[in-house]
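Chemist: build me a model:
(chains A and B, ligands or ions: 2)
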Amino acid sequence: MEEVISKNATNYKELLRNYMESQDEQALYGVEKVSKAFIKNNILPEEIVNLHIQAMAEVCNDLTEDYKNSMNFLLEAMIFYGLAMQEIPLLREEKHILQSEISVAASMQKTLLGTNKPEINGMDIGVISVPAHQMNGDYHHFVKGKDGSLGIAIADVIGKGIPAALCMSMIKYSMDSYPEESMSPKSILKNLNRVVERNVDPSMFITMCYAHYQPQESKLSFSSAGHEPGYYYNAETDTFKEFETRGLVLGVSPDTEYKEYEMTINKDDMVILLTDGVTECRDGDRFIESQEVLDIIKKYSDLPAQEMVENVYKHFERLQDFQLRDDFTLMVLRKNS
Amino acid sequence: MEPQSCVNIHKEWDIVGARQLGREMAKRLGFGTVDQARIATAVSELARNIYLYAEKGQICFEFIDNIEHRGLCMTAVDTGPGISDISQAMQDGYTTSGGLGAGLPGVRRLMDEFDIHSEIGNGTRIKAIKWVR
Ligand SMILES: Nc1ncnc2c1ncn2[C@@H]1O[C@H](COP(=O)(O)OP(=O)(O)OP(=O)(O)O)[C@@H](O)[C@H]1O
Ligand SMILES: [Mg+2]
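Modeler: Ligands and ions are numbered 1, 2, ... in the order given. Model prediction:
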């Protein structure tokens, strides 16, 4: 530090002398370079003021006492700027540590909550889930039963980031402990509701839709706990229909019962499940209409289910200038035989 | 080694007196203008903490002058409530001024050596040294 000062001090003094004589722009360009060197070496403002005081004493020999006193006053005023400046690299380093901790947590979350998209005869499945930040507050899960049936969960924690992600791990482990095939969507939600009610902070809510598909009968049964309604696409009439699901979000009241709905799926029909990160996409300040989501899904509906969801995501990612505001999860199930 | 001189801190005005004494002693030891200003600022921070949190206390200055070093040692002692979590108080950004580099972490930066002892209910003792370069 001393070295940098003394090396540039001579330089500063010469530039100052030039400037005092001619008010030359070249001297100002010169001091710009000196100042860059100072910043790079963390030279503090009070040291620069001091350098200036000394340079002036050499350059001019008729300095007034008033001027000298005022410069000492300025030097004193710079001390706190120097202190604040010294904090910057530390804060930067701290931020870096936090960031890398979060990214470890995020990859751990991926492992903990990971689910494999199962192969189900006659069913083409596509799913995409992208967090707005590093940690994902959305969750989806597939359970393939020994009887060939498929359980599908999609959930969203109200809230984002790390607390939401921690909360999801709990949901996942409770679900893992259920005897898979034997349970219906409504009893799974009823159970989870109790777990959430007992274990999660009252300010945190979870919405979930649980669906169960039985390929032999082409029957889909599902229940919802306040979750963003999904859609059913009827291939024969070429129309979408919103699921009319009713149910309280998880964790509000301990004895909530959930209603179960049932429907038959025909060839080329689609079931679309999503979270509000999809339906609450924003185009500038405007929230998109749910019809827009359906239009885009329709646009890509000739593609295999996985390509379909990926293209829909890309569309909305672009629409939002590549900055998701909420976690985005979209799932499409299409019966193909 | 010269006899030490102390300033009692009781009123806000005493902070100014402590600064002045600190600066004078720094000058006598041959510290440059920048270091004088830094020492005065460190005195200010310690004296203000006594005034704000302990109500009563003392700041003492002492020359250190031996073959190895020359420097100024200041000790701020009070019999106030003490600091319950020193690590937290020493953290950047914890101060009420909110991460502008001031407070105890600032004193540590302004000085070359810093040591703090505090006991709940018994008071706080902070020692800080600046060496003449
Ligand atoms: N002498 C003291 N006795 C008791 N508590 C103290 C003393 N000095 C500091 N503290 C405690 O330690 C905390 C941190 O002190 P510090 O001087 O770093 O910041 P601050 O006084 O809160 O804000 P500022 O940046 O304005 O100084 C204080 O808020 C106070 O609670
Ligand atoms: Mg303070």
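Chemist: separation between the closest residue to ligand 2 within the stretch 151-300 of chain A and B:Val34?
Modeler: Using C-beta to the ion, the single residue of the stretch 151-300 of chain A nearest to ligand 2 is A:Ile162, 31.9 Å away. Just so you know, the C-beta spots here come from the backbone N, C-alpha and C atoms, and that holds for glycine as well. According to C-beta to C-beta, to the nearest Å, A:Ile162 and B:Val34 sit 44 Å apart.
Chemist: who's more crowded, these two?
Modeler: Shown here are A:Ile162 and B:Val34; by other C-beta atoms under 10 Å in any protein chain shown, B:Val34 has more neighbours (21 against 17).
Chemist: ok, that one - contacts?
Modeler: A:46-47, A:50, A:75 (C-beta atoms under 8 Å, 6 or more residues apart in numbering or on different chains).
Chemist: out of these, flag the one nearest to B:Ala54.
Modeler: Minimum distance to B:Ala54 across the contacts of B:Val34 is 29.0 Å, recorded for A:Glu46 (C-beta to C-beta).
Chemist: apart from its neighbours in sequence, what residue is nearest the residue of the stretch 151-300 of chain A closest to ligand 2?
Modeler: A:Met135 (5.4 Å; C-beta to C-beta, 6 or more residues apart in numbering or on different chains).
Chemist: sec struct for the one you found, please.
Modeler: Assigned by DSSP: H, G, I helix; E, B strand; the rest coil, the conformation of A:Met135 is coil.
Chemist: hang on, it packs against A:Ser107?
Modeler: No. A:Met135 is beyond contact range of A:Ser107, at 10.3 Å (criterion: C-beta atoms under 8 Å).
Chemist: neighbour count: these two, which is higher?
Modeler: A:Met135 (22 against 11).
Chemist: returning to that earlier point: from A:Asp276, how far out is the residue nearest to A:Ile162?
Modeler: 17 Å.
Chemist: next secondary structure after the helix or strand in which A:Tyr213 is found?
Modeler: Taking DSSP states H and E as the criterion, A:Tyr213 maps to strand A:205-214. Using DSSP H and E, the helix or strand that follows strand A:205-214 in sequence is strand A:219-225.
Chemist: contacts made by the lowest-mean-pLDDT helix or strand in chain B with the rest, please.
Modeler: Every helix and strand in chain B was compared by mean pLDDT, DSSP states H and E; the lowest is helix B:86-89, with a mean of 88. The contact list for helix B:86-89, computed with C-beta under 8 Å, 6+ apart, reads B:83, B:94, B:103-104, B:116, B:118.
Chemist: hmm, back to that, for A:Gly251, state which of the contacts of B:Val34 is nearest.
Modeler: Among the contacts of B:Val34, and counting by C-beta to C-beta, the member closest to A:Gly251 is A:Glu46, at 55.8 Å.
Chemist: what residues are up against the closest one?
Modeler: Neighbours of A:Glu46 in contact, by C-beta under 8 Å, 6+ apart: A:75, A:78-79, A:81-82, B:34, B:37-38.
Chemist: what's the single longest helix in chain A?
Modeler: helix A:65-113 (DSSP state H).
Chemist: against which helices or strands is that helix packed?
Modeler: Using 3 or more C-beta pairs under 8 Å, 6 or more residues apart in numbering or on different chains; DSSP states H and E, the elements in contact with helix A:65-113 are helix A:45-59, helix A:161-176, helix B:33-49, helix B:103-110.
Chemist: now the element after it, going C-ward?
Modeler: Criterion used, DSSP H and E; the element after helix A:65-113 is strand A:123-130.
Chemist: can you list the buried residues in that following strand?
Modeler: A:123-129 (16 or more other C-beta atoms under 10 Å in any protein chain shown).
Chemist: with pLDDT added, can I get the residues you listed in a markdown table?
Modeler: Rendered in a markdown table, the data for the buried residues of strand A:123-130 read as follows (pLDDT from 0 to 100):
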| residue | pLDDT |
| --- | --- |
| A:Met123 | 91 |
| A:Asp124 | 94 |
| A:Ile125 | 95 |
| A:Gly126 | 95 |
| A:Val127 | 95 |
| A:Ile128 | 95 |
| A:Ser129 | 92 |
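Chemist: run through the neighbouring helices and strands of the strand holding A:Tyr213.
Modeler: Packed next to strand A:205-214, using 3+ C-beta pairs under 8 Å, 6+ apart, are strand A:150-158, helix A:161-176, helix A:185-199, strand A:219-225, strand A:270-274.
Chemist: assign the residue sitting furthest away from the middle of chain B to helix, strand or coil.
Modeler: Largest separation from the mean C-alpha position in chain B: B:Ile67, at 24.6 Å (C-alpha atoms, centre = their mean). Classification of B:Ile67 by three-state DSSP places it in coil.
Chemist: give the contact list for the nearest residue to B:Leu46 once chain neighbours are set aside.
Modeler: What sits nearest to B:Leu46 in space, not counting adjacent residues and going by C-beta to C-beta, 6+ apart, is B:Ala76, at 4.0 Å. Applying C-beta under 8 Å, 6+ apart, one finds that B:Ala76 lies in contact with B:46-47, B:49-50, B:57-59, B:124-128.
Chemist: now B:Ala76, what's its secondary structure?
Modeler: Going by three-state DSSP: B:Ala76 is strand.
Chemist: again, but for A:Met263
Modeler: strand.
Chemist: and A:Ser35, by the same measure?
Modeler: helix.
Chemist: so who does the nearest residue to it once chain neighbours are set aside touch?
Modeler: In this structure, A:Ser35 finds its nearest non-sequential neighbour in A:Ile48, 7.9 Å apart by C-beta to C-beta, 6+ apart. Neighbouring residues of A:Ile48 by C-beta under 8 Å, 6+ apart: A:35, A:38, A:78.
Chemist: can you tell me how far B:Ala76 is from ligand 1?
Modeler: B:Ala76 is 7 Å from ligand 1, where distance means C-beta to the nearest ligand atom, to the nearest Å.
Chemist: for B:Gly82, same thing?
Modeler: 6 Å.
Chemist: with A:Pro185 instead?
Modeler: For A:Pro185, the distance to ligand 1 - C-beta to the nearest ligand atom - is 54 Å.
Chemist: up against ligand 1, what does the stretch 1-150 of chain A have?
Modeler: By C-beta under 6 Å from any ligand atom, no residue of the stretch 1-150 of chain A approaches ligand 1.
Chemist: this completes my enquiry, with thanks.
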